[in-house]
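S.K.: using only what follows, build the 3D model:
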Amino acid sequence: MRLHEHERTAIFLDGSNLYATAKALGFDIDYKRLLAYFRERTRLIRAIYYTALMDEAEYSPLRPLIDWLDYNGYRVVTKPVKEFTDNAGRRKLKGNMDIELAVDMMKLAPKLDHIVLFSGDGDFRSLIKAVQDMGCRVSVVSTLAVRPPMIADDLRRQADDFYDLVDYEKEFGRDRPPRSDLPEGLPEDEEDDDEFED
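M.R.: From the prediction side, this is the model:
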């Protein structure tokens, strides 16, 4: 990744989009490693993670991650998921964080040299253009390695640099724990992940 040590840099993580991208690629993000990667290579001003959460009354599996990020160098921006019923009477959930991310990016852009956006959402194309017009270089991290690609073509074209997340598994991926349930001597790549029912 093209990073410069004196460049004022901020990373913006579209939580649900990044999660879906990493899941499609078959690995989990190690947020401690991700933060360290940028801190070691550039002047990191801010790292902001955006996600919608279920109502506080309901336990969210995201809560431990959100708490960890909040205490370990990230600014976390959340809002409650909204529930609605569509025309067919089906219960739907909505939790789009695009506006919050866009407002923060526009506010921070005058104080930055480089913005790194972890998202493939094409809705961000005009935002990227706006901050580029303010003098920021913009890198986008997503993937083309799955079908369909997780990044919108117009977002990739608008960015100054595009980086495929699949190329950063070693830097940003969580180590997979060794399997203790394997018979001795069986290589991990030969294991069968299917669960068998009695």
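S.K.: what strand or helix carries Ile48?
M.R.: strand 43-53 (DSSP states H and E).
S.K.: which neighbouring elements make contact with that strand?
M.R.: Other helices and strands packing on strand 43-53, by 3 or more Cβ pairs under 8 Å, 6 or more residues apart in numbering; DSSP states H and E, are strand 8-14, helix 15-25, helix 31-41, helix 63-71, strand 75-80, helix 98-108. C-beta: built from backbone N, CA, C; applies to glycine.
S.K.: how distant is stretch 141-148 from the center of its chain?
M.R.: 13 Å (Cα atoms, centre = their mean, to the nearest Å).
S.K.: that stretch - what's its average pLDDT?
M.R.: The pLDDT scores in stretch 141-148 average 91.
S.K.: ok, and what's touching it?
M.R.: 17, 21, 24-25, 116-120, 149-151, 155-156, 162-166, 168 (Cβ atoms under 8 Å, 6 or more residues apart in numbering).
S.K.: buried among these? Need that as a selection in ChimeraX.
M.R.: Buried subset of the contacts of stretch 141-148, written as a ChimeraX selection, criterion 16 or more other Cβ atoms under 10 Å:
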select :17,21,24,25,116,117,118,119,120,149,150,151,155,156,162,163,164,165,166,168
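S.K.: what residues are up against the nearest residue to Glu100 once chain neighbours are set aside?
M.R.: Nearest residue to Glu100, sequence neighbours excluded (Cβ to Cβ, 6 or more residues apart in numbering): Val77, at 5.2 Å. Residues near Val77 by Cβ under 8 Å, 6+ apart: Ile48, Tyr49, Tyr50, Thr51, Met97, Glu100, Leu101, Asp104.
S.K.: so for Gln132, which of the helices and strands packed on strand 43-53 sits nearest?
M.R.: helix 98-108 (11.3 Å; Cβ to Cβ).
S.K.: restricting to C-alpha, output that closest one in PDB.
M.R.: Only the C-alpha atoms of helix 98-108 are listed here, as PDB (Å, rounded to 0.1, in the frame of the first residue of the first chain):
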ATOM      1  CA  ASP A  98     -23.300   6.300   4.700                       C
ATOM      2  CA  ILE A  99     -24.400   9.800   5.900                       C
ATOM      3  CA  GLU A 100     -22.400   9.500   9.200                       C
ATOM      4  CA  LEU A 101     -19.300   8.400   7.300                       C
ATOM      5  CA  ALA A 102     -19.700  11.100   4.700                       C
ATOM      6  CA  VAL A 103     -20.200  13.900   7.200                       C
ATOM      7  CA  ASP A 104     -17.100  12.900   9.200                       C
ATOM      8  CA  MET A 105     -15.000  12.500   6.100                       C
ATOM      9  CA  MET A 106     -15.900  16.000   4.800                       C
ATOM     10  CA  LYS A 107     -15.200  17.500   8.300                       C
ATOM     11  CA  LEU A 108     -11.800  15.800   8.500                       C
END
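S.K.: packing partners of that helix?
M.R.: strand 8-14, strand 43-53, strand 75-80, strand 114-118, helix 125-133.
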